[in-house]
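# Have a look; sequence and predicted model below, questions after that.
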Amino acid sequence: MTHVRGTAIEAVALVKRYGEVTALDGLSFTVPAGTVFGLLGPNGAGKSTTIKILTTLSTPTSGAATVAGIDVLAHPNAVRRAIGVVTQGSGTDRQATGRENLLLAAHIHGMRGRAATARVDELLELFDLTGAAKRLVKAYSGGMQRKLDVAMGLVHRPSVLFLDEPTTGLDPQARSEMWAEIARLATQERLTILLTTHYLEEADHLADHLVIVDRGRLVAQGSPEELKSELRGDAVVVELAPDASVDSARTAVEAMAREVTVTGRTIRARVDNGASAVPAVLAELERAAVAVAAVTVARPALDDVYLRHTGRTFAAASASASGSGSEEVAVA
């Protein structure tokens with residue numbers, strides 16, 4: 001494995017159009033070597049299109065990119081030798097065993113004989129799959145199959161690993177186990193990992209640095225803590241009763257808080273001290289004859305960062321993408 005120093009990935013003003021649809025609109029970012037870098041956004045934001053360009057599976061309409069110091073347009077074959085890729089869909093043969101899948105991946109990368117066998121044994125042990133090596137993949141749990149996917153992406157010892165939505169569809173326990181595997185790979189294997197995800201807590205937990213993308217554009221970047229620290233105070237979320245007036249509620253909350261947004265019957269706002277502000281907010285709503293179903297207060301989270309930069313919550317953006325039939329693999 002050749003470890004990259006300095007900048008492992010650089011994207012410069014990437015634009016990608018599919019007919020009338022602009023999937024990427026001038027996206028630029030850099031990934032420091034040896035870090036876990038999060039590319040965060042709702043479905044349809046442009047994450048998978050970015051991955052396709054950086055892994056040489058697609059070409060941009062305009063812009064440039066380098067991976068492991070190699071120009072992805074000028075030297076795609078060299079880029080492919082330097083990277084490992086784990087896509088959203090599993091690349092395993094479900095009718096073959098775990099060992100057979102890894103051996104096939106090794107052979108594809110030109111490994112033969114004892115070198116291939118030794119690397120397969122190493123990966124099976126690394127991902128705690130030795131006991132299941134002779135079982136057909138179709139009998140694997142979702143978490144085991146995802147571990148095998150990642151192991152196959154590492155068989156040729158890449159310096160940069162792309163993980164595209166690695167925990168989608170996994171149960172909470174399997175997701176937690178995959179988080180631990182990703183953290184271990186970054187620290188022990190000294191890999192540069194670019195992780196795309198639409199799970200806010202995943203990006204917050206794993207990423208050293210991240211960029212938030214929305215509709216193909218970069219809207220924020222930094223470490224999770226840096227991004228959250230930009231938001232002063234606490235977030236207050238008010239769930240209105242079914243018969244409450246949303247307009248009256250908004251007017252009442254705006255008198256007591258800032259950065260007020262409304263999604264359906266949910267009002268979000270920022271206050272300097274949530275514990276002391278909530279009683280005052282509730283009193284103002286009561287004076288306005290607005291019935292409240294629930295109120296919560298929390299420290300800033302990445303959802304608050306997304307809301308501040310886009311004017312909508314992450315959940316609302318994801319629902320909008322799903323409702324419009326947007327498929328990232330097709331148009332983003």
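Cool, got the structure. Values in this document were obtained by computation on a predicted structure and should not be read as measured data. Residues are numbered from 1 along each chain as shown.
# Where does pLDDT dip in the stretch 201-332 of the chain?
By pLDDT under 70, the weakly predicted segments of the stretch 201-332 of the chain are 321-332.
# So which residues of it form strands?
Applying DSSP state E, counting those that start in this stretch to the stretch 201-332 of the chain gives strands spanning 209-214, 217-222, 234-240, 258-263, 266-271, 292-298.
# most neighbours per residue, which of these?
Of all the strands of the stretch 201-332 of the chain, strand 209-214 has the most neighbours on average by mean count of other Cβ atoms under 10 Å, namely a mean of 24. To be clear about C-beta, it is placed using only N, CA and C from the backbone, and glycine gets the same treatment.
# Near Ala128, how many other residues are there?
No, residue 128 isn't Ala; it's Asp. 12 (other Cβ atoms under 10 Å).
# Was I right to think it contacts Leu148?
No - here Asp128 lies out of contact with Leu148, judged by Cβ atoms under 8 Å, at a distance of 10.9 Å.
# unless I'm mixing things up, Pro166 is touching Val150, no?
Yes - with contact defined as Cβ under 8 Å, Pro166 and Val150 form a contacting pair (7.0 Å).
# Among these two, which residue is more densely surrounded?
Neighbours were counted for Pro166 and for Val150 using other Cβ under 10 Å; Pro166 has more, 28 against 20.
# who touches both of Pro166 and Val150?
Residues touching both Pro166 and Val150 (Cβ atoms under 8 Å, 6 or more residues apart in numbering) are Val86, Met178.
# from memory Leu163 sits against Ile193, does it?
Yes - between Leu163 and Ile193 a contact is recorded at 6.2 Å, counting by Cβ under 8 Å.
# got any residues that touch both of the two?
Common contacts of Leu163 and Ile193 (Cβ under 8 Å, 6+ apart): Ile182.
# Please enumerate the helices of this structure.
Ranges of helices in the chain, per DSSP state H, are 47-54, 76-82, 98-108, 113-126, 142-154, 172-188, 200-206, 224-229, 246-254, 274-287, 302-310, 314-323, 328-331.
# List just the one of those that sits closest to Gly69.
Of all the helices of the chain, it is helix 76-82 that lies closest to Gly69, at 8.5 Å by Cβ to Cβ.
# how about that closest one: buried residues?
For helix 76-82, the neighbour count (16 or more other Cβ atoms under 10 Å) marks Pro76, Ala78, Val79, Arg80, Arg81, Ala82 as buried.
# which one is the fourth one nearest to, not counting chain neighbours?
Counting by Cβ to Cβ, 6 or more residues apart in numbering, Arg80 lies nearest to Thr56, which is 6.0 Å off, once chain neighbours are set aside.
# give me the number of residues near the one you found?
When neighbours are defined as other Cβ under 10 Å, Thr56 has 20 of them.
# What are the phi and psi values at it?
phi 70, psi 20 (degrees, to the nearest 10).
# In contact with Arg287, which residues?
Contacts of Arg287 by Cβ under 8 Å, 6+ apart are Ala252.
# what about 10 Å?
Contact analysis of Arg287 by Cβ atoms under 10 Å, 6 or more residues apart in numbering lists Ala252, Ala255.
# Settle this for me: Ser318 is touching Thr197, isn't it.
No - the criterion here is Cβ atoms under 10 Å, and Ser318 misses it with Thr197 at 11.9 Å.
# Which residue of these two possesses the greater neighbour count?
Shown here are Ser318 and Thr197; by other Cβ under 10 Å, Thr197 has more neighbours (22 against 18).
# partner residues bridging that one?
Leu40 (DSSP bridges).
# measure the residue lying farthest from the centre of the chain to Arg217 for me?
Ranked by distance from the centre of the chain (Cα atoms, centre = their mean), the top residue is Arg287, with 42.7 Å. Applying Cβ to Cβ, to the nearest Å, the value for Arg287 to Arg217 is 41 Å.
# Stretch 51-69: which residues count as buried?
Neighbour-count burial for stretch 51-69 flags 51-56, 58, 60, 63-69 (criterion: 16+ other Cβ under 10 Å).
# Nearest the middle, which residue of this structure would you pick?
Among the residues of the chain, the one closest to the centroid is Thr197, at 1.8 Å (Cα atoms, centre = their mean).
# I figured that one hits Thr167, correct?
Yes - between Thr197 and Thr167 there is a contact at 7.4 Å, judged by Cβ under 10 Å.
# what touches both of the two?
Common contact partners of Thr197 and Thr167 (Cβ under 10 Å, 6+ apart): Leu206.
# got the contact list for the closest residue to Ala78 other than its chain neighbours?
Excluding its sequence neighbours, the residue lying closest to Ala78 (Cβ to Cβ, 6+ apart) is Ile70, at 4.9 Å. Residues counted as contacts of Ile70 (Cβ under 10 Å, 6+ apart) are Val4, Thr56, Pro76, Asn77, Ala78, Val79, Arg80, Arg81, Ala82, Ile83, Val160.
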